[in-house]
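>>> A predicted structure for the sequence below; I have some questions about it.
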Amino acid sequence: MRIDQFLYFSRIYKTRTNAGNACKKGHIKIELKSVKPSFEVYSDMIIIVKKNQIINKYRIKDLPKSRIGAKIAELYIQNITTKSELEKKETLSSQKQNFKFDGKISKKDRRDLNKYLNE
């Protein structure tokens, strides 16, 4: 099975196009080598996926025949990511929540801001 197809079927990427683009950019590695989207994968291979500044490691248990549900994804793929990378993921998500923009500024607030800046 092709690696881009496997990444899509196992729900690591939402679309096969995104999986293929990640391969082309060098975000997908097997045995520390970047692979093309057409690379053939087999059971018991270890895949390294760099996604959102985090390096995830997965072991392929079995190859799915089609796109699988999120609940049964663990039957086909095992996450062997290190604890430090998982902590990094939590840190990045908490930082994003701290700097979240609430939305468009109201008309009244904009007028007050313009009035303050023009004085």
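Great, that's in hand. Numbering: from 1, shown residues only.
>>> any stretches of the protein with poor pLDDT?
Scanning the chain with the threshold set as pLDDT under 70 gives 96-102.
>>> please name the bridge partners of the residue most central in space within it.
Compute the mean C-alpha point of the chain, and by CA atoms, centre = their mean the closest residue is residue 51, 3.9 Å away. Taking DSSP bridges as the rule, residue 51 bridges to residue 54.
>>> how close does it get to residue 107?
Distance of residue 51 to residue 107, computed by CB to CB, to the nearest Å: 40 Å. All C-beta spots, glycine's among them, are computed from the backbone N, C-alpha and C.
>>> from what I see, the residue nearest to the centre of the chain and residue 25 are in contact.
No: Residue 51 lies out of contact with residue 25 (CB atoms under 8 Å); the separation is 11.0 Å.
>>> how many residues are close by residue 39?
Neighbours of residue 39 under the rule other CB atoms under 10 Å: 18.
>>> same deal with residue 37?
18.
>>> quick check: it is in a helix.
No: under DSSP: H, G, I helix; E, B strand; the rest coil, residue 37 falls outside any helix and is assigned coil.
>>> which residues sit in contact with it?
Neighbouring residues of residue 37 by CB atoms under 8 Å, 6 or more residues apart in numbering: 2, 3, 4, 19, 20, 23, 24.
>>> next structured bit after the longest helix belonging to the chain?
Identified as the longest helix of the chain according to DSSP state H is helix 83-98. Beyond helix 83-98 on the C-terminal side, the first helix or strand identified by DSSP states H and E is helix 107-118.
>>> tell me which residues are up against that next one.
For helix 107-118, contacts defined as CB under 8 Å, 6+ apart pick out residue 105.
>>> need the CA coordinates for it. CSV is fine.
What follows is helix 107-118, C-alpha atoms only, in CSV (Å, rounded to 0.1, in the frame of the first residue of the first chain):
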residue,chain,number,x,y,z
LYS,A,107,-18.2,49.6,16.6
LYS,A,108,-18.4,51.4,20.0
ASP,A,109,-14.9,50.1,21.0
ARG,A,110,-13.5,51.1,17.7
ARG,A,111,-14.9,54.7,18.1
ASP,A,112,-13.5,54.9,21.6
LEU,A,113,-10.1,53.7,20.4
ASN,A,114,-10.1,56.2,17.5
LYS,A,115,-11.1,59.0,19.9
TYR,A,116,-8.3,58.0,22.3
LEU,A,117,-5.7,57.8,19.5
ASN,A,118,-6.7,61.1,17.9
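>>> good, wrapping up.
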